[in-house]
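Chemist: how would this look folded up:
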Amino acid sequence: MNDIAADLTTMIGLVFTLLGAGITAYAVILKEDDAILIGVSRYASESREENLNLPMVRNLLWSSWAARVGLISVCFGTFLQLIPIFLRLAQ
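Modeler: As a prediction, the model looks like this:
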């Protein structure tokens, strides 16, 4: 019985890790148009392509990309840790 309780507690903890990573990533993942809106001065170019090349916009988009990669890594690692728990509980 202690093994089942330990597995369930671990599983709940991993789900919270996954949920927290998703919420954190959601807060920083941006679309290109959102990055332009946040990172471009109102006096900047009218051209979307020129605005996408501004340093602040590029930095925001890089951060957004890194958040996506981080979230995918955390999700993958969490699922790898959940597999043996599910296999043990299925026996």
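
Chemist: and Val57, what pLDDT?
Modeler: We have a pLDDT of 85 for Val57.

Chemist: tell me which element it is part of?
Modeler: Under the criterion of DSSP states H and E, Val57 resides in helix 55-90.

Chemist: Next, the buried residues of that helix.
Modeler: Val57, Leu60, Leu61, Ser64, Ala67, Leu71, Val74, Thr78, Leu82 (16 or more other Cβ atoms under 10 Å). Backbone N, C-alpha and C define where each C-beta goes, glycine included.

Chemist: Next up, the contacts around the fifth one.
Modeler: Applying Cβ atoms under 8 Å, 6 or more residues apart in numbering, one finds that Ala67 lies in contact with Thr24, Ala25, Val28, Ile29.

Chemist: do the fourth one as well
Modeler: Under the criterion of Cβ under 8 Å, 6+ apart, the neighbours of Ser64 are Val28, Ile29, Leu30, Ala35.

Chemist: Check the gap between it and Asp34 for me.
Modeler: Distance, Ser64 to Asp34, using Cβ to Cβ, to the nearest Å: 9 Å.
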